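*Asks:* Give the three-dimensional model of this entry:
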Amino acid sequence: KHNFYKVKVRAYALNSKNEKMYGDWSSWKYVSPQPDVTSKKHTQKGIKINWDKINGADRYVVYVSTKKDSGYKKFQTTAKNSATITKYGKNKLKSGKTYYFYVVAQKKVDNKYQSGAAGEAVTGINWSTIIFIAGMMIMVEVMADAGFFRWLCMLLAKAVHYRTRALFITFMIMSFCLAMFIDSITVILFLAAVSIELAKMLKFNPVPMILSEIFCANLGGSATMCGDPPNIIIGTSLNFSFSTFITHTGLIAAISMVFIVVYFLIAYRKELASSSDIDKLAASMPSPAEAIVNKKNFALSCVIFFCAVVMLVTHALTGLTVAFIGLVIAVFSLIASGKKALHMLKLIDYKTLLFFVGLFIVVGGLEQTGILEIIAAFIGRVSKGNLKLMVAIIIVVSAFASALIDNIPFAATMVPVIKSLAATQGVDLSVLAWALSMGTDVGGSATPIGASANVVGTSVAAKNGYMIGWGKYCRTAVPATIIAVLISMVCIFVRYC
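*Replies:* Prediction:
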């Protein structure tokens, strides 16, 4: 009764012959009964409680509430099997008021604490995703502050002699490649700004370039585990490695990219003519070196970025977690920024990080209620166990939903769904994961609100006098999305089904 137990589970479903079809085993988990409170005593300091020890527990968390079934707040974490409760939240205990409490046992496994009974709300947050995103945010801010992104854009523009068509292709490819390692919001923020700057100097319309950059950034983000937030969520939730992602979705994204570049060249062929006096305009362009604000920080940020890429590519071999990589990147980036370290910390998008925390808690709650299992069962019934039909449903529904709502919450909600679907239908979970990844990342490109990069890109354009309405945006983005979705579906069918 008073022990931690190591357990793992797998689901099964009965086929038409009444045979059991088993899914994959879950990872090992440690569970325990909720400790029984053995005594309660009023003292001058507060209410002292004792509880039974749980063998194997490293610590206990005590929760207090003024209501029996809700409103519990964490009071204390202790290694002992007793505690004196002195307050509820920030308020001291009041005489004559009834208080309720319970205790959760926790065991330390691989430097993380796993909770026994009643611990879902504590363990529902995917901290690996939060820490990794925060680390990447800090690294990107330091790189931007040193002038890395503007330097890269100006260098490539000079390399193609500032020809509009060559710039168009180069910036699409650069957007795709950068988004494989850096979040697409940052990529578009800088590419859109530089595109507008070049457009003013070279006298061309920057809107086609910005729209194509947005699409390619979202497509590039689908290629790796760290490119887009949906992939970070999928990868960390399902314990995929960087190399696993890039060898599967990376190949699909690369094939799609070839078709997308050709499509945008045809769609914007009239707008891509270079100015007649391009040679004279090119001679007046600033040198790429002028974009570098601080040479020392620029060199250090390049080294840190290179190390980050190496650690991500090899983390399956080295055993480094993405959370550890994110932490290392953040620490060295802050050291490299020197006196600006505090300023860099202030630039972190804390609202986004809090959004992720709340999102994981909500999804964890949905998972506990069984709603997501009902959705998985519905997809299973409609597809009748046919893997191709499952993939088609997931990728099409994901693309359509991500075009209308932000793809981050949709991806987080769908991860438990595909896990349940794989377990009950006996199909390969990774195949469903690739369908979800491509659907959410590519589908988010279809409308101005489908992904955060879309909003940022159109906002930068609007601030500089280039309004991009729904009609102008969707005219080229929707066909491009359909092309990429169909290519992704065919690739998955051919390779996995």
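*Asks:* can you map out the helices along the stretch 301-450 of the chain?
*Replies:* 322-337, 341-346, 350-369, 371-383, 387-404, 407-425, 429-443 (DSSP state H, counting those that start in this stretch).
*Asks:* With mean neighbour count as new columns, can these be given to me in TSV?
*Replies:* Using the backbone N, CA and C atoms, a C-beta is placed for each residue, glycine as well. Shown next, in TSV, are the helices of the stretch 301-450 of the chain (neighbours: other C-beta atoms under 10 Å):
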stretch	mean neighbour count
helix 322-337	20
helix 341-346	14
helix 350-369	16
helix 371-383	16
helix 387-404	21
helix 407-425	23
helix 429-443	27
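*Asks:* how near is residue 226 to residue 140?
*Replies:* Going from residue 226 to residue 140 by C-beta to C-beta, to the nearest Å gives 12 Å.
*Asks:* likewise residue 325?
*Replies:* Relative to residue 140, and taking C-beta to C-beta, residue 325 is found at 14 Å.
*Asks:* before we move on, the earlier item: which of the helices of the stretch 301-450 of the chain has the lowest mean pLDDT?
*Replies:* Mean pLDDT values for these show the minimum at helix 350-369, a mean of 70.
*Asks:* which stretch among the helices of the stretch 301-450 of the chain comes nearest residue 305?
*Replies:* helix 322-337 (8.7 Å; C-beta to C-beta).
*Asks:* Which secondary structure elements does the lengthiest strand in the chain sit against?
*Replies:* With secondary structure taken from DSSP state E, the chain has its longest strand at strand 100-109. Strand 100-109 is packed against strand 37-42, strand 47-51, strand 59-65, strand 112-115, with contacts defined by 3 or more C-beta pairs under 8 Å, 6 or more residues apart in numbering; DSSP states H and E.
*Asks:* So which of these is nearest residue 28?
*Replies:* Residue 28 sits nearest to strand 112-115 of all these, at 9.6 Å, using C-beta to C-beta.
*Asks:* Name the strands paired with that closest one and say parallel or antiparallel.
*Replies:* Sheet partners assigned to strand 112-115 using DSSP bridges are listed as strand 100-109 (antiparallel).
*Asks:* which residue packs closest to the residue nearest the centre of the chain, ignoring adjacent ones?
*Replies:* Nearest to the mean C-alpha position of the chain, by C-alpha atoms, centre = their mean, lies residue 229 at 2.0 Å. Distances taken as C-beta to C-beta, 6 or more residues apart in numbering put residue 408 closest to residue 229, at 4.8 Å, once the chain neighbours are dropped.
*Asks:* Please report how far that neighbour lies from residue 478.
*Replies:* Taking C-beta to C-beta as the measure, residue 408 falls 21 Å from residue 478.
*Asks:* And residue 341, by the same measure?
*Replies:* 44 Å.
*Asks:* Repeat that for residue 439.
*Replies:* Taking C-beta to C-beta as the measure, residue 439 falls 15 Å from residue 478.
*Asks:* Buried residues in the longest strand of the chain, which are they?
*Replies:* Within strand 100-109, the residues that qualify as buried are 101-107, counting by 16 or more other C-beta atoms under 10 Å.
*Asks:* quick one: that strand to strand 59-65, angle?
*Replies:* Angle between the axes of strand 100-109 and strand 59-65 is 150 degrees (criterion: axes from the mean of the first three to the mean of the last three C-alpha atoms, to 10 degrees).
*Asks:* tell me the mean pLDDT over strand 100-109?
*Replies:* Averaging pLDDT along strand 100-109 yields 84.
*Asks:* next one: that strand to chain centre, how far?
*Replies:* 29 Å (C-alpha atoms, centre = their mean, to the nearest Å).
*Asks:* next one: stretch 302-321
*Replies:* Distance, centroid of stretch 302-321 to centroid of chain: 18 Å (C-alpha atoms, centre = their mean).
*Asks:* low pLDDT regions in the stretch 101-250 of the chain?
*Replies:* 116-126 (pLDDT under 70).
*Asks:* can you map out the helices along it?
*Replies:* Remark: helices assigned in the stretch 101-250 of the chain by DSSP H, counting those that start in this stretch are 120-123, 127-146, 148-159, 164-178, 184-202, 207-221, 229-237, 242-267.
*Asks:* Next, the angle from the last one to helix 164-178.
*Replies:* Right, helix 242-267. Inter-element angle recorded for helix 242-267 and helix 164-178: 160 degrees (by the same axes, to 10 degrees).
*Asks:* Spit out the contact partners of the closest residue to residue 308 other than its chain neighbours.
*Replies:* Nearest residue to residue 308, sequence neighbours excluded (C-beta to C-beta, 6+ apart): residue 329, at 5.0 Å. Residue 329 makes contacts with 135-136, 138-139, 304, 307-308, as judged by C-beta atoms under 8 Å, 6 or more residues apart in numbering.
*Asks:* most neighbours, which of those residues?
*Replies:* residue 139 (26 neighbours; other C-beta atoms under 10 Å).
*Asks:* can you confirm residue 57 is in a strand?
*Replies:* No. Per DSSP: H, G, I helix; E, B strand; the rest coil, residue 57 lies outside any strand segment and is coil.
*Asks:* what about it, distance to residue 51?
*Replies:* Following C-beta to C-beta, the distance that separates residue 57 from residue 51 is 10 Å.
*Asks:* if we can go back for a sec, would CSV of the helices of the stretch 301-450 of the chain with distance to residue 84 be doable?
*Replies:* Output for those, formatted as CSV (distance: least, C-beta to C-beta, whole Å):
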stretch, distance to residue 84
helix 322-337, 34
helix 341-346, 36
helix 350-369, 29
helix 371-383, 40
helix 387-404, 50
helix 407-425, 39
helix 429-443, 47
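*Asks:* for those, which one sits closest to residue 497?
*Replies:* With C-beta to C-beta, the closest approach to residue 497 among the helices of the stretch 301-450 of the chain belongs to helix 387-404: 4.7 Å.
*Asks:* now the angle between helix 207-221 and that closest one, please.
*Replies:* Using the same axes, to 10 degrees, the inter-axis angle of helix 387-404 relative to helix 207-221 is 140 degrees.
*Asks:* between helix 387-404 and helix 407-425, how many degrees?
*Replies:* Using the same axes, to 10 degrees: helix 387-404 against helix 407-425 is 160 degrees.
*Asks:* from the helices of the stretch 101-250 of the chain, which stretch is densest packed?
*Replies:* helix 207-221 (a mean of 29; mean count of other C-beta atoms under 10 Å).
*Asks:* is it true that residue 51 touches residue 34?
*Replies:* No. Taking C-beta atoms under 8 Å as the definition, residue 51 is not a contact partner of residue 34, at 9.1 Å.
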